[in-house]
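Student: coords please:
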Amino acid sequence: MDSLNDSIGADLRGIEERCKFRNKIAMIQKELEPMHKSKKGYNYKYFDINQMLEQLKPLLEKHKVLVTQPLSEKGVETIIHDLESDSTMGCSIQLPETVKPQDIGSAITYYRRYSLQSFFLMEAEDDDAVKAMPKKKEIDTDKELPF
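Tutor: Alright, predicted model coming up:
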């Protein structure tokens, strides 16, 4: 009976650790500020990975979370580690088959940036897009709606 209780206790601790880890990720997501797209690509603007890491690193440290992005047979991996437990979560994306080192380097950086943006739900403010949007019309709340 003791081994059953030990097993249940271990399972419950594991669930509790995973919940705490998810809460840490949620707090980091909540504390991140929207990022401005300041780098220019071919016909678009984006924020670069250094800009992203500059904002992300202090929050990772505050919440005792580590991010690693190794290259492996799977391609580019992004692994989020909870430093207070053994909990991890991650994703990977296969690199395109190309022979040009510059193209591989660009793909690695692109995948690293967008996997971090996805994990932490980082918002990107596009100043050009905001300027191009038509102004919102004010709604007359005293007017009766047609339905």
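
Student: so, low pLDDT: which residues of this protein?
Tutor: 1-10, 38-46, 125-147 (pLDDT under 70).

Student: 90 - rerun?
Tutor: 1-15, 33-51, 74, 86, 96-101, 106, 122-147 (pLDDT under 90).

Student: which strand of it spans the most residues?
Tutor: strand 75-82 (DSSP state E).

Student: can you give me the distance of I15 to N23?
Tutor: 13 Å (CB to CB, to the nearest Å). C-beta coordinates here come from the backbone N, C-alpha and C atoms, glycine included.

Student: the longest strand of the chain: which residues count as buried?
Tutor: Neighbour counts over strand 75-82 (16 or more other CB atoms under 10 Å) mark 76-82 as buried.

Student: can you tell me which helices and strands it packs against?
Tutor: The helices and strands touching strand 75-82, judged by 3 or more CB pairs under 8 Å, 6 or more residues apart in numbering; DSSP states H and E, are helix 2-31, strand 65-68, strand 88-93, helix 101-119.

Student: just want the angle from it to strand 88-93.
Tutor: Relative orientation of strand 75-82 versus strand 88-93 (axes from the mean of the first three to the mean of the last three CA atoms, to 10 degrees): 170 degrees.

Student: who touches D86 in this structure?
Tutor: Going by CB atoms under 8 Å, 6 or more residues apart in numbering, D86 touches E17.

Student: ditto for R18
Tutor: S87.

Student: ok so, going back, same list (the helices and strands packed on strand 75-82) but as CSV, adding distance to L59.
Tutor: Listed next are the helices and strands packed on strand 75-82 as CSV, based on distance: least, CB to CB, whole Å:
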stretch, distance to L59
helix 2-31, 5
strand 65-68, 8
strand 88-93, 16
helix 101-119, 12
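
Student: what's the closest of those to Q51?
Tutor: helix 101-119 (9.4 Å; CB to CB).

Student: what's that closest one in contact with?
Tutor: With CB under 8 Å, 6+ apart as the contact definition, helix 101-119 has outside contacts at 25, 46-49, 52-53, 56, 67, 69, 71, 75-76, 78, 80, 89, 91, 93, 95-96, 98, 122, 124.
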